[in-house]
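S.K.: Just a sequence and a predicted model for now, questions to come.
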Amino acid sequence: QKEVEQDPGPLSVPEGAIVSLNCTYSNSAFQYFMWYRQYSRKGPELLMYTYSSGNKEDGRFTAQVDKSSKYISLFIRDSQPSDSATYLCAMSVVDSNYQLIWGAGTKLIIKP
Amino acid sequence: DAGVIQSPRHEVTEMGQEVTLRCKPISGHDYLFWYRQTMMRGLELLIYFNNNVPIDDSGMPEDRFSAKMPNASFSTLKIQPSEPRDSAVYFCASSFGTGFTGELFFGEGSRLTVL
């Protein structure tokens, strides 16, 4: 079993829908959780970063961490075709970029 | 700032040939990372440097892979000899500091195909 599980998709939704992307993990010591967005033929870029449990909101994006269930989510409100990309979750026990454990990424398609 | 710059963007080579991938990190960043991305294995950290010094190369798959950082503005990843299973997208990333407040900035990647 992988430490971080993420459904590769693709997930296809109509424009304007609320999107929910998820990752589950097995290591209860993870404390730092990130979401990266990767457009086709580009490198990943950091979207949101959360420490420990709770929610974090940034515009149309909300990151949620449920440590009791070992489950993290990224919600996108009012989805736009420009949100079409692969979304990768990443997490770590300590505050260090070099110990990130990555999910496989979920490909999201927003249909106009 | 121009961001992390990688070259070449695409490389097609034959098995047994030497491949050199290049990276220019963002000026002022003190950490540099080399990643490999494939459909099967996702993103894998190969090696990272701090202030031009290799810190952890445990992700380098075999002795055929080597990486150098001769100065703060340049790094190379070399594969010699290359094999078809090395086909992947190789990313270079840099950051200022290693904590998550020091965001990882990725280049656009070098897509390697080994025939």
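M.R.: Yep, that arrived.
S.K.: So what sits opposite the residue nearest the centre of chain B in the bridge?
M.R.: Chain B has residue B:34 as the residue nearest its centroid, 3.1 Å off, counting by CA atoms, centre = their mean. The bridge-partner assignment for residue B:34, based on DSSP bridges, gives residue B:47, residue B:92.
S.K.: State the pLDDT value of it.
M.R.: If you check residue B:34, the pLDDT there is 97.
S.K.: near chain B, which residues of chain A show up?
M.R.: Selection of chain A residues close to chain B by CB under 8 Å from any CB of the partner chain yields A:32, A:34, A:41-46, A:49, A:51, A:88, A:92, A:95-98, A:100, A:102-105. Where you see a C-beta, it was placed from the backbone N, CA and C, and this is true even at glycine.
S.K.: Narrow the residues you listed to just the buried residues.
M.R.: A:32, A:34, A:43-44, A:46, A:49, A:88, A:92, A:96-98, A:100, A:102-105 (16 or more other CB atoms under 10 Å in any protein chain shown).
S.K.: Quick one: the strands in the chain, in order.
M.R.: Since no chain was named, I'll use chain A. A:4-5, A:11-14, A:19-25, A:32-38, A:45-51, A:54-58, A:61-66, A:71-76, A:85-92, A:101-102, A:106-111 (DSSP state E).
S.K.: nope, chain B
M.R.: According to DSSP E, the strands that chain B contains are B:5-7, B:10-13, B:19-24, B:31-38, B:42-50, B:53-56, B:65-71, B:74-79, B:88-95, B:105-106, B:110-114.
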